[in-house]
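*Asks:* no sequence for this one, just the structure:
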């Protein structure tokens with residue numbers, strides 16, 4: 001079981017840092033071609049005791065220009081490096097400055113789960129947070145009529161602007177941040193209204209999800225029946241939100257990125273259906289079955305669009321690599337267990353039985369609530385270490401600049417996701433197990 005208190009990164013050679021010297025040597029030619037940006041990069045970190053890579057002026061300039069020196073981050077934690085803005089080669093993708101005074105960041109609230117392996121990050125840019133928060137509420141209220149007035153406090157308490165700014169530190173503009181923010185809000189509307197405590201039910205969920213999915217993946221039908229489908233897109237808040245958010249997304253994302261997102265949303269909906277089937281039969285799955293469900297019913301659609309939000313594109317052949325798919329899956333799995341751990345007390349206080357990893361471990365392995373929770377922390381930590389090791393290995397074998405930046409973006413998403421869960425004390429509190 002993990003010891004109480006914040007766990008530190010291992011003192012042994014960090015896999016991300018250890019891979020960096022090999023990446024720098026192998027990627028020199030590719031990086032030189034992209035070395036047109038001028039923003040300085042943080043120095044490359046390396047594992048303790050490792051020999052430094054040969055650093056010619058050309059290599060150093062190329063690495064700084066592409067952000068390669070910040071793709072694999074140092075022993076102080078992956079999240080800290082994620083706060084530096086990565087400036088891609090295209091000037092149009094430079095980070096958009098925002099007017100107005102920058103308010104002092106509020107102190108970090110919330111207690112991290114004791115023993116959890118994570119990387120702290122500074123507070124996200126308060127000016128961006130305020131602007132994204134303003135825009136998303138205008139969209140939710142004025143464009144898609146997302147929620148009744150009595151849900152307003154819950155919408156505000158979700159703090160989605162702060163969430164998305166923390167997860168996407170390299171977004172070049174607020175418009176790019178809004179791509180992720182609208183989709184996040186729409187996904188939560190579907191979850192709350194179709195599956196959870198705002199009118200959701202496992203009964204008939206498949207039909208509702210299928211029709212909602214057509215707001216993301218449009219129906220191609222005959223002229224006679226197309227109007228009925230088109231009218232259905234505005235029939236409830238989740239479909240209105242999906243349809244509008246996807247329309248904005250396709251305006252900035254490429255067709256390949258949009259199709260990738262649709263695929264991951266189909267995965268998400270499949271996971272919803274598995275959980276609903278267990279609820280209908282009052283079935284507690286085996287731990288491995290629960291983890292299989294959580295690989296689909298998880299955050300995967302969010303980090304998979306990190307390149308769209310960052311204003312660049314990971315080519316489809318690199319995204320489809322088995323190594324890339326494993327890294328994305330591990331990131332989604334680890335961040336979703338973070339949600340299980342931080343939402344544990346909130347779910348137990350809700351009506352009905354909510355399955356989460358601590359509950360399933362306790363019931364299936366005959367452990368106390370406390371021991372089941374602590375074992376779930378261990379599961380999360382193992383997934384996090386696997387994510388970091390696999391990302392480092394992929395970066396070393398495929399040092400394409402777009403893939404390196406994508407891996408860095410996924411790592412930043414992982415860290416931002418934890419930060420939001422830890423600090424959102426409106427929604428979450430920890431059990432008294434320590």
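*Replies:* Noted; the coordinates are in hand. Values in this document were obtained by computation on a predicted structure and should not be read as measured data.
*Asks:* Number of residues surrounding residue 232?
*Replies:* Taking other CB atoms under 10 Å as the criterion, the count of residues near residue 232 is 16. (C-beta placed from N, C-alpha, C; glycine too.)
*Asks:* quick one: contacts for it?
*Replies:* When contacts are counted by CB atoms under 8 Å, 6 or more residues apart in numbering, residue 232 is found next to 211, 214, 239.
*Asks:* what about the second one, neighbour count?
*Replies:* Counted by other CB under 10 Å, the residues lying close to residue 214 total 17.
*Asks:* ok so, going back, what's the closest of the contacts of residue 232 to residue 279?
*Replies:* Residue 279 has its nearest neighbour among the contacts of residue 232 in residue 211, at 20.3 Å by CB to CB.
*Asks:* roughly how far apart are the closest one and residue 190?
*Replies:* Look at residue 211 and residue 190: by CB to CB, to the nearest Å, they are 11 Å apart.
*Asks:* Out of these two, name the residue with the larger neighbour count.
*Replies:* Under the neighbour definition other CB under 10 Å, residue 211 and residue 190 were set side by side, and residue 190 has more, 26 against 18.
*Asks:* Let me see the contact set for the residue nearest to the more buried one when sequence neighbours are not counted.
*Replies:* The shortest distance from residue 190 to any non-neighbouring residue, by CB to CB, 6 or more residues apart in numbering, is to residue 238 (4.3 Å). Residues touching residue 238, when contacts are defined by CB under 8 Å, 6+ apart, comprise 186, 189, 190, 193, 194, 212.
*Asks:* Was I right to think residue 212 contacts residue 194?
*Replies:* Yes. In this structure, residue 212 is within contact of residue 194 by CB atoms under 8 Å, at 7.2 Å.
*Asks:* so residue 246 sits right up against residue 213, yeah?
*Replies:* No. Under the criterion of CB under 8 Å, residue 246 lies out of contact with residue 213, with a separation of 10.4 Å.
*Asks:* which one of these two has more residues nearby?
*Replies:* For the pair residue 246 and residue 213, the greater number of neighbours falls to residue 246 (23 against 19), based on other CB under 10 Å.
*Asks:* Skipping adjacent residues, who's closest to that one in space?
*Replies:* By the measure of CB to CB, 6+ apart, the closest residue to residue 246 outside its immediate chain neighbours is residue 216, 4.9 Å from it.
*Asks:* Surely the one you found touches residue 239?
*Replies:* No. With the criterion set as CB under 8 Å, residue 216 and residue 239 do not qualify as a contacting pair; they are 9.8 Å apart.
*Asks:* Overlap of the contact sets of those two?
*Replies:* Both residue 216 and residue 239 lack any common contacting residue under the criterion CB under 8 Å, 6+ apart.
*Asks:* List the buried residues of stretch 274-285.
*Replies:* Taking 16 or more other CB atoms under 10 Å as the neighbour-count basis, stretch 274-285 is seen to contain the buried residues 274, 275, 276, 278, 279, 285.
*Asks:* a markdown table for those, including distance to residue 301 and pLDDT?
*Replies:* Putting the buried residues of stretch 274-285 into a markdown table (distance: CB to CB, whole Å; pLDDT from 0 to 100) gives the following:
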| residue | distance to residue 301 | pLDDT |
| --- | --- | --- |
| 274 | 17 | 95 |
| 275 | 16 | 93 |
| 276 | 19 | 93 |
| 278 | 22 | 95 |
| 279 | 22 | 92 |
| 285 | 23 | 97 |
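*Asks:* ok, of the residues you listed, which one's closest to residue 110?
*Replies:* Once CB to CB is applied, the member of these that ends up nearest residue 110 is residue 275, at 26.6 Å.
*Asks:* secondary structure element for that closest one?
*Replies:* Assigned by DSSP states H and E, residue 275 belongs to helix 255-281.
*Asks:* Okay, now the unreliable bits of the stretch 151-300 of the chain?
*Replies:* Applying pLDDT under 70 to the stretch 151-300 of the chain picks out residues 197-200.
*Asks:* Many thanks, I have nothing further to ask.
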